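1. just need the structure, nothing else, for what follows:
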Amino acid sequence: MKHLAILTLAMAPLAGLAADLTIPAGKTYVVGIDQQELVLENLRIGDGAKITFSSAVVGWRVQARHAYIGSGVVVDGNGSAGTAGDSAEAISVCADGGAGGNGGDGSDGVEIRLQLGIESLGDIQVMSNGGNGGNGGVGGAGGDGADVSENCDLAAGGEGGSGGDGGEGGRGGDVTILYQVLGKSVAGDDLLKRIAIRSEGGSGGNGGDAGSGGAGAGGYYVNKKTLTGNRKWVEGGDGGLAGNPGSAGSAGNPGRILVDQLILSSTQPIEVRSSTTTILELQRQIERLRVRVEKLEANATRQ
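-> Numbering: from 1, shown residues only. From the prediction side, this is the model:
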């Protein structure tokens with residue numbers, strides 16, 4: 001598993017205090033705005049449970065003193081894909097084709113930070129990939145040239161419209177899991193094999209195809225009295241040029257991942273006297289962790 005220290009480990013005091021959170025087996029739990037930051041005594045997640053996030057949530061921070069996690073658990077913080085650009089509408093004779101719309105950008109993966117005292121663990125998959133960018137819309141074809149009978153000012157074909165640009169891929173979300181093994185049946189080395197993390201950047205959207213140029217009108221006679229007769233030859237027009245294809249969007253950057261064992265200064269459980277006391281102790285733990293992460297970053301830089 002990839003181990004990278006992230007730069008912003010220290011967390012502000014967490015506001016969403018709750019005693020316990022239980023997600024039954026096979027159920028889906030949607031994290032809303034008011035569940036973005038949780039300090040829990042007990043976190044229980046049943047087999048096959050899934051955790052997803054509302055579109056407004058950009059980060060999820062959970063500190064649980066005791067975590068009981070089943071098998072086949074999925075935390076889905078993947079970003080959403082960008083919308084595809086609209087293709088240009090068909091146009092009338094002689095006119096230039098319209099441009100295709102640009103694809104929308106994919107959204108970033110959710111930033112996930114878990115600090116867990118693990119009592120039991122089956123296996124868990126944490127996903128925070130960036131969303132793919134939307135494809136650009138197709139440019140409209142230029143209208144064919146026409147003679148005066150079509151009330152067209154030009155015999156030349158219209159130029160094709162340009163394709164829309166593809167959207168940018170979303171960035172993978174940073175994922176941090178700090179753990180302390182509490183359950184006797186959970187071994188530290190084996191535990192890491194039960195945690196899978198994906199945090200790739202989203203793919204950029206494809207550029208839209210260019211619209212083709214319209215065909216030029218052929219030459220034709222018009223009824224007009226001249227010195228040589230009652231008809232006059234009118235030259236035809238050239239075909240229109242094709243538009244430019246849209247540019248592909250850039251792929252998003254991958255997120256940073258840190259999985260590390262949480263070592264506390266004392267193995268004794270902290271007495272829960274009040275919400276304020278709990279937060280102060282957590283802040284002290286986080287400060288110790290921040291110092292440790294800085295050391296990990298320094299070692300990674302030297303390597």
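
2. downstream neighbour of the lowest-mean-pLDDT helix or strand in the chain in the secondary structure list?
-> Lowest on mean pLDDT, DSSP states H and E among the helices and strands of the chain sits strand 16-17, with a mean of 46. With elements assigned by DSSP states H and E, the helix or strand that comes after strand 16-17 is strand 20-23.

3. what does the helix or strand just after that next one contact?
-> Sequence order places strand 28-31 as the next helix or strand after strand 20-23, per DSSP H and E. Strand 28-31 has contacts (C-beta atoms under 8 Å, 6 or more residues apart in numbering) with 23, 49-54, 57, 60. No exception for glycine: its C-beta is placed from N, CA and C like everyone else's.

4. quick one: buried residues of strand 28-31?
-> 29, 31 (16 or more other C-beta atoms under 10 Å).

5. related to what we said a few turns ago, could you identify which of the contacts of strand 28-31 has the most neighbours?
-> Phe53 (25 neighbours; other C-beta atoms under 10 Å).

6. and it, how far is that from Gly77?
-> Distance, Phe53 to Gly77, using C-beta to C-beta, to the nearest Å: 6 Å.

7. so what sits against both of the two?
-> 60, 110.

8. show me what contacts Asp209?
-> Applying C-beta under 8 Å, 6+ apart, the residues near Asp209 are 100, 138-139, 163, 245-246.

9. ranges for the strands of the stretch 151-300 of the chain?
-> For the stretch 151-300 of the chain, applying DSSP state E, counting those that start in this stretch gives strands covering 175-181, 195-198, 220-226, 229-234, 257-261.

10. whoops, the stretch 1-150 of the chain was the one
-> 16-17, 20-23, 28-31, 37-45, 50-53, 59-69, 73-76, 111-121, 124-127.

11. quick one: contacts for Pro24?
-> Counted by C-beta under 8 Å, 6+ apart, Pro24 has contacts 46, 49.

12. tell me the confidence at the closest residue to Gly70 other than its chain neighbours?
-> Setting aside the residues directly before and after it, Gly70 is nearest to Asp47 in space (C-beta to C-beta, 6 or more residues apart in numbering), at 3.8 Å. On the pLDDT scale, Asp47 is placed at 97.

13. measure Asp47 to Val31 for me?
-> 20 Å.

14. tell me the bridge partners for the residue nearest to Ala196 when sequence neighbours are not counted.
-> Computed as C-beta to C-beta, 6+ apart, the closest residue to Ala196 that is not its neighbour in sequence is Gln125, at 4.6 Å. Gln125 has these beta-bridge partners by DSSP bridges: Val74, Ala196.

15. same question, Val175
-> With DSSP bridges as the rule, Val175 is bridged to Ile112, Ile257.

16. for Arg231, same thing?
-> Under the criterion used (DSSP bridges), Arg231 bridges to Asn223.

17. and the pLDDT at it?
-> 70.

18. that one: neighbour count?
-> Residues near Arg231, counting by other C-beta under 10 Å: 13.

19. ok, Ile33 next?
-> 10.

20. identify the residue nearest it in space, chain neighbours excluded?
-> Excluding the flanking residues, the one nearest Ile33 by C-beta to C-beta, 6+ apart is Ala56, at 5.7 Å.

21. Gly59 pairs with what?
-> Applying DSSP bridges, one finds that Gly59 bridges with Glu111.

22. that one touches Val110, doesn't it?
-> Yes. Gly59 lies in contact with Val110 (C-beta atoms under 8 Å); the separation is 6.3 Å.

23. now the common contact residues for those two.
-> Counting by C-beta under 8 Å, 6+ apart, the shared contacts of Gly59 and Val110 are Gly173.

24. so what's Ser199 up against?
-> 109, 127-129, 172-175, 254-257.

25. and the two most separated of those residues?
-> Farthest pair in the contacts of Ser199 (C-beta to C-beta) is Met127 and Arg256. Separation: 14.9 Å.

26. what's the closest non-adjacent residue to Gly26?
-> Closest to Gly26 by C-beta to C-beta, 6+ apart is Gly48, at 4.7 Å.

27. can you count the residues close to that neighbour?
-> Residues lying near Gly48 (other C-beta under 10 Å) number 16.

28. can you pull the contacts of it?
-> 25-26, 70-73.

29. for it, give its distance to Lys27.
-> 8 Å.

30. also Gly166?
-> 37 Å.

31. can you check Asp105 too?
-> 32 Å.

32. related to what we said a few turns ago, now the strands of the stretch 1-150 of the chain as JSON lines including distance to Ile195?
-> Formatted as JSON lines, the strands of the stretch 1-150 of the chain follow (distance: least, C-beta to C-beta, whole Å):
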{"stretch": "strand 16-17", "distance to Ile195": "24"}
{"stretch": "strand 20-23", "distance to Ile195": "17"}
{"stretch": "strand 28-31", "distance to Ile195": "19"}
{"stretch": "strand 37-45", "distance to Ile195": "13"}
{"stretch": "strand 50-53", "distance to Ile195": "14"}
{"stretch": "strand 59-69", "distance to Ile195": "10"}
{"stretch": "strand 73-76", "distance to Ile195": "10"}
{"stretch": "strand 111-121", "distance to Ile195": "8"}
{"stretch": "strand 124-127", "distance to Ile195": "6"}
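
33. good, wrapping up.
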